[in-house]
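Undergrad: predicted model and sequence follow; I will ask about them next.
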Amino acid sequence: MKKISSLTELFVEQIKELYDSERKQQDVFQKFIKSARSNDLKKLMLKIAEQTDSQVMRLEEVLELLGEPLRGVECKPMKELLARSLSLSRTSANPEILETSLIAAIQCAKHFEIAVYGTLVAFAESLGDNESADILARTLAEEKALDNELTELAMESINSRAKESEPAAYAF
Ligand SMILES: [Fe+2]
């Protein structure tokens, strides 16, 4: 593996990982849309999938600005997070728990992305690449807003539906 010796190289490498990460999510989110039972979650999942498509295009813009090919570098943390989310969805015994698991899994992915996009906005600013910083900041704001929407949906309906499916013996 090639050693990274400058902030620019580190920035480019991380952009390529994010590109891979967003594209991996595109595939998995399509499966999640099919798994979601309730209209409110399905609607939010569709919005997340649409925004992920735009986020992929924004990363392509950044790669073009950097003069890099549109090729990703495997993002291992996202691969693991998505594998975990698929396994949670497979092991959910009822639709209520499945939907709670989906939200929890997507939020893990969103939190990872918020951390990485935040770092990369700072890298772009430090490198004086304001154009990339602005593009990445738009996605960062989108990811934060989606995370809030997921929390709201979980707290307003999905978690209580899961709680209602709780066997009486385990209910608090
Ligand atoms: Fe994303």
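TA: Happy to help now that I have it.

Undergrad: checking residue 2 next. Helix, strand or coil?
TA: Classification of residue 2 using DSSP: H, G, I helix; E, B strand; the rest coil returns coil.

Undergrad: and the helices in this structure?
TA: Ranges of helices in the chain, per DSSP state H, are 7-35, 39-65, 76-91, 95-126, 130-153, 159-164.

Undergrad: can you redo the ones you listed as a markdown table with mean neighbour count and mean pLDDT?
TA: Backbone N, C-alpha and C define where each C-beta goes, glycine included. Putting those into a markdown table (neighbours: other C-beta atoms under 10 Å; pLDDT from 0 to 100) gives the following:
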| stretch | mean neighbour count | mean pLDDT |
| --- | --- | --- |
| helix 7-35 | 18 | 94 |
| helix 39-65 | 17 | 96 |
| helix 76-91 | 16 | 90 |
| helix 95-126 | 19 | 94 |
| helix 130-153 | 17 | 97 |
| helix 159-164 | 14 | 83 |
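
Undergrad: now the ones you listed as JSON lines including distance to the ion?
TA: Shown next, in JSON lines, are these (distance: least, C-beta to the ion, whole Å):
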{"stretch": "helix 7-35", "distance to the ion": "5"}
{"stretch": "helix 39-65", "distance to the ion": "4"}
{"stretch": "helix 76-91", "distance to the ion": "9"}
{"stretch": "helix 95-126", "distance to the ion": "5"}
{"stretch": "helix 130-153", "distance to the ion": "6"}
{"stretch": "helix 159-164", "distance to the ion": "23"}
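
Undergrad: residue 62 contacts residue 15, correct?
TA: Yes. If you go by C-beta atoms under 8 Å, residue 62 and residue 15 touch, sitting 5.6 Å apart.

Undergrad: identify the contacts common to the two.
TA: Common contact partners of residue 62 and residue 15 (C-beta atoms under 8 Å, 6 or more residues apart in numbering): none.

Undergrad: mind checking how far residue 24 is from residue 11?
TA: As for residue 24, its distance to residue 11 is 20 Å (criterion: C-beta to C-beta, to the nearest Å).
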